[in-house]
Structures are given as structure tokens and as C-alpha cells.
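Q: The sequence and its predicted three-dimensional model are supplied below.
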Amino acid sequence: FRSKGVMTATPVPRKMLVLMSFLNLCYKITAVFSKHKIFVPLFAEMYFVVCPAVRSSLAERTFACCIQAFLIEIRGTFARKTLPLQAKSTKRTLSAMTQNVDIRALTARIEAQSGFVALLTDGMARTIVGQQHLTEALLIGLLSDGHILLEGVPGLAKTLAIRTLASLIDASFGRIQFTPDLLPADVVGTMVYSRKDDAFSVRRGPIFANFVLADEINRAPAKVQSALLQAMQEREVTIGDETMALPNPFLVLATQNPIEQEGTYTLPEAQTDRFMLKVVVDYPTLDEEKRIVRASMGGNISDRPVQPVVDVATIVQARELVKEVYVDERIEQYVADLVFATRYPERYKLDHLRPYIAFGGSPRATISLALAARSLAFIRRRGYVVPDDVRSVAYDVLRHRIGLTYEAEAAEMTAEKLIGEILSKIEVP
């Protein structure tokens, strides 16, 4: 009782000592056999069942309060001892990861091996005026091994940016101009009969390249868009009875025009979910517009030669290093909360958003959000992820993964507004 801070001159009743001895025995049993959950409700009311006279006097009620505090401790010990094995293993893994990761050494390695990022950024700036967010998003997709969908009105250098990035890397490049009469065989390839050999042979399509530009992807029908599904997810293509792996790295960079409806086909959710990022390209600023005018005076910007500044092996090594960027447990929880808020907004006191959301982000959104944050930390030459990294990539990762209802359209509620409210509500670690 002294450990509980209770001081009283009243002698302890004999039946109270018996009860305390019994509870102490039960506590020891619980410590050994904590998997039996029946002990918790049994202990919760033990002193009322075994000794109803406890409530008969003020002094004895004081002892009852001590017993209740003691039972609370039992309940807490029980909860700690009955953690699922997976949760215990996860905590041990996280603890071991925290202890084993040397953040300073990792940051030094990243600073030493991320020099090519500046070369790619400078190379893009020599051709693309402004659009820093676009350049950063392309680099995130490159380092995360994730496909990118660019959306914007015509004339915002979407195609030029992708071509420039592919030219700056010493890798193969394939371009597919999507049209309404395009066929799946025009994308992945087909079987061709040879009269000389009297046999069929595989003729590979333009998708067999390190970087594939799918220009105006929403102009092709669904059967052609679906031809990319296996390639984007599994990095392989099946032609006839032969399955062939795609080169490593493999990156699909697609563009689409949001303002035209005639002759276009909306991408299905299964297709858009495979794009790691959906980047909305905006108009340049007034100063950038004047720089574009001055740059175009000397000739067509797209005709300027671009020399490779990095090879494929460097990109592959950088991707392996990105996987080592440290993500704290609190950051992981933050990422999971952001995605869960798109599915169950009422759990995060966002009940007013429930009528506007038809479906939220899939587990692929959680994976993409964590990977993109890691890549952004690498670009910023850090060996660890901070909440600002997650918030910076949240719009590009989530905007195409949230389904809106008719109520949202009527209320002019966009995916960007939903994400903004979620970011402002979820507590930042």
C-alpha cells in the first residue's frame, strides 16, 4: 500500500490480506499463462465477487481502490505480454534497424553517389525553362523505379522533358504515339511468319526499351492501354507462348491531354493505379515565359543536341542506395494514416469528406508514397526521410488514386482539395 501512496491507521482486515494474497497468486499465474484472456475480465471484478464486504466501510473502500489500481497494473502487464507475435517481431525489427543504421555514414554515401542528380538537373534546365517540379518528379520516378503520368494542356514541354531526360541517360529509348487506330501488337510486338525459314518469329515492339514515351496515351482505346498492364507491373511481355523480360531499368513516361473529350478514352483505374506519380504540369510564370521567347529566337529548342551525362549502371546503383534510406516508425505511421484517411475519413474526424469519396488509395499508394519520399530524400542528399518529404510527394502519389462521387463533382470538390484537407488534419510526427 505504501507503493500506492496510501497511508492509513486502520488495520488491514484479515479477509483483505487473504484477497491480496489470492490476487498476487493470480498475477503470477497470469504472467506465465497470459495467453488465456479469461483472466482479464475475471480480475476486473475480483474484489467485488470474492469479498462483497469490501464496500462496507470507508477504510475498506480505500483498500479496494488500491486493489483496483493493482488490477489496472495487471491489465497493462497482460496487454504487454499478449502482444501478437508479429507486432513483437516488428518492434524488434524496427529497434534493430534503428540501432544498425548509421545515418551519418549513409548520408555521406548518398552525398558521394548523388552527384549525377545535379548533372541531370542542369541538363534538363538547359532545355526546359522552369518546371522545377516536373524535373523533380521525373527524377523521383527514375530513382523509385516507378512510372509517371504527366497531365497538362498542350505546349507545356511534357514530351520534350521526357525526351530530354532519356537523352541525358545512356540508355535505349522508345516512343509510342497513341492513336485511335493503334493495336496492341503495335506496342508490345507480334509474331511474324518468315517464308524463308518456314516458321514464326517474334518481332519486338517499341516497349522493349529502358525508357518508353507513351505520348497522348488517352487517345488509344482500352484494349491498347491494357497492353501496358503486364509490362508496367511485371516488367515482362508475353507474345504468343513466349514471355520475355523487359530491360532494366524500365520506365513508362506517359502524357495525356485533359481538355479534349472527342477522340479520347479515359484511362481505367487499373491502369492509372500502376502509375506511381501523376504530375499536373502548370503554365510557366511570366519571367519564365519571357525566357522561353528569348530561347526560341535562336531556333527550335527541341532540335538542340543533348549528350548523355550518366549511364544505366549508375542509375541502378542509386536505386539500391535509395532502398537504404532510413524511414522512422513514426514516418511509416504517418504514411499509413494519410492513405487510410482517403479510405476511412470518419476515423480521422473528417466525416464531412465521406460523401465525396467513392474509393480511396490502394496499398500500392502506401508503397508509392514511402518510395517517393525516400527518393526525394536522396535527391536532397539525406539518408533519412522527414515529414516534409512525404507531404511534398503526397499530391502526385494520391491524386489519381482517389475516386470522387457525383456529390463531389456537384460541390466542385477535387482530389487536390481532399488531399489538402487530409494533410492539414493528420498530425505531423
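A: Cool, the structure landed.
Q: Give me the residues contacting stretch 170-187.
A: 163, 166-167, 205-221, 223-224, 226-228, 247, 249, 263, 308, 310-312, 315 (CB atoms under 8 Å, 6 or more residues apart in numbering). For the C-beta atoms, the positions are set from N, CA and C on the backbone; glycine is no exception.
Q: Show me which of the residues you listed are buried.
A: 163, 166-167, 205-220, 224, 227-228, 249, 310, 312, 315 (16 or more other CB atoms under 10 Å).
Q: Looking at the residues you listed, which are in strands?
A: 211-215, 310 (DSSP state E).
Q: if we take those residues, which one ends up nearest to residue 104?
A: residue 310 (26.0 Å; CB to CB).
Q: ok, which stretches of the chain are strands?
A: Under DSSP E, the chain gives strands at 147-151, 169-170, 173-177, 189-194, 199-204, 211-215, 236-239, 242-245, 251-256, 275-280, 310-311, 357-359, 403-404.
Q: Could you dump the ones you listed into TSV with distance to residue 158 and mean pLDDT added?
A: Shown next, in TSV, are these (distance: least, CB to CB, whole Å; pLDDT from 0 to 100):
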stretch	distance to residue 158	mean pLDDT
strand 147-151	4	91
strand 169-170	18	87
strand 173-177	13	88
strand 189-194	26	85
strand 199-204	26	84
strand 211-215	9	88
strand 236-239	25	87
strand 242-245	29	86
strand 251-256	4	88
strand 275-280	9	92
strand 310-311	22	88
strand 357-359	28	91
strand 403-404	24	90
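Q: Residue 390 is nearest to which of the ones you listed?
A: With CB to CB as the criterion, residue 390 lies closest to strand 275-280 of those, at 13.8 Å.
Q: that older thread, just send the ones in strands among the buried ones among the contacts of stretch 170-187 back as JSON lines, with distance to residue 116 too.
A: Output for those, formatted as JSON lines (distance: CB to CB, whole Å):
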{"residue": "211", "distance to residue 116": "16"}
{"residue": "212", "distance to residue 116": "21"}
{"residue": "213", "distance to residue 116": "21"}
{"residue": "214", "distance to residue 116": "25"}
{"residue": "215", "distance to residue 116": "26"}
{"residue": "310", "distance to residue 116": "4"}
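Q: Of those, which pair is most distant in space?
A: Greatest spacing in those, by CB to CB: 215 and 310 (23.8 Å).
Q: For the stretch 251-400 of the chain, just list every one of the helices.
A: Using DSSP state H, counting those that start in this stretch, the helices of the stretch 251-400 of the chain run over 269-272, 286-297, 312-322, 329-343, 363-379, 387-398.
Q: Among these, show the one with the smallest mean pLDDT.
A: Looking at the helices of the stretch 251-400 of the chain, the lowest mean pLDDT belongs to helix 269-272 (a mean of 81).
Q: Centre of the chain to it, how far?
A: Centre-to-centre, helix 269-272 and its host chain are 16 Å apart (CA atoms, centre = their mean, to the nearest Å).
Q: Could you work out the end-to-end span of stretch 382-392 for me?
A: 15 Å (CA to CA, to the nearest Å).
Q: got the buried residues for that stretch?
A: 382-387, 389-392.
Q: what's the answer for stretch 147-156, then?
A: Buried residues in stretch 147-156 (16+ other CB under 10 Å): 147-152, 156.
Q: again, but for stretch 270-287
A: Quick answer for stretch 270-287 (16+ other CB under 10 Å): 271-281, 284.
Q: any chance of those in a markdown table, with distance to residue 171 too?
A: Putting those into a markdown table (distance: CB to CB, whole Å) gives the following:
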| residue | distance to residue 171 |
| --- | --- |
| 271 | 24 |
| 272 | 25 |
| 273 | 26 |
| 274 | 21 |
| 275 | 20 |
| 276 | 19 |
| 277 | 20 |
| 278 | 24 |
| 279 | 21 |
| 280 | 27 |
| 281 | 23 |
| 284 | 28 |
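Q: Next, the contact list for the residue lying closest to residue 214 once chain neighbours are set aside, please.
A: Spatial nearest neighbour of residue 214, excluding adjacent residues (CB to CB, 6 or more residues apart in numbering): residue 254 at 3.9 Å. Counting by CB under 8 Å, 6+ apart, residue 254 touches 147-150, 213-215, 217, 275.
Q: now residue 167
A: Counted by CB under 8 Å, 6+ apart, residue 167 has contacts 173, 306-308.
Q: do that again at 7 Å, thanks
A: 306, 308 (CB atoms under 7 Å, 6 or more residues apart in numbering).
Q: which sections of the protein are below the confidence cut-off?
A: Residues of the chain meeting the criterion pLDDT under 70: 1-101, 260-263, 299-303.
Q: re the thing from before, nearest to residue 421, of the helices of the stretch 251-400 of the chain?
A: helix 329-343 (9.1 Å).
Q: how far off helix 387-398 does that closest one point, in degrees?
A: 30 degrees (axes from the mean of the first three to the mean of the last three CA atoms, to 10 degrees).
Q: Please name every helix or strand in contact with helix 329-343.
A: helix 363-379, helix 387-398, helix 415-425 (3 or more CB pairs under 7 Å, 6 or more residues apart in numbering; DSSP states H and E).
Q: Can you give me the buried ones in it?
A: 331-332, 334-335, 337-342.
Q: okay, the strands of the chain in a markdown table with distance to residue 348 next?
A: Putting the strands of the chain into a markdown table (distance: least, CB to CB, whole Å) gives the following:
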| stretch | distance to residue 348 |
| --- | --- |
| strand 147-151 | 27 |
| strand 169-170 | 41 |
| strand 173-177 | 41 |
| strand 189-194 | 47 |
| strand 199-204 | 48 |
| strand 211-215 | 36 |
| strand 236-239 | 39 |
| strand 242-245 | 42 |
| strand 251-256 | 32 |
| strand 275-280 | 23 |
| strand 310-311 | 42 |
| strand 357-359 | 12 |
| strand 403-404 | 18 |
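Q: quick one: which of these is nearest residue 421?
A: So among these, strand 357-359 is nearest, using CB to CB, at 11.1 Å.
Q: Just list what the closest one packs against, helices and strands only.
A: strand 403-404.
Q: Quickly run through the sheet partners of the strand it packs on, with directions.
A: With DSSP bridges as the test, strand 403-404 is paired with strand 357-359 (antiparallel).
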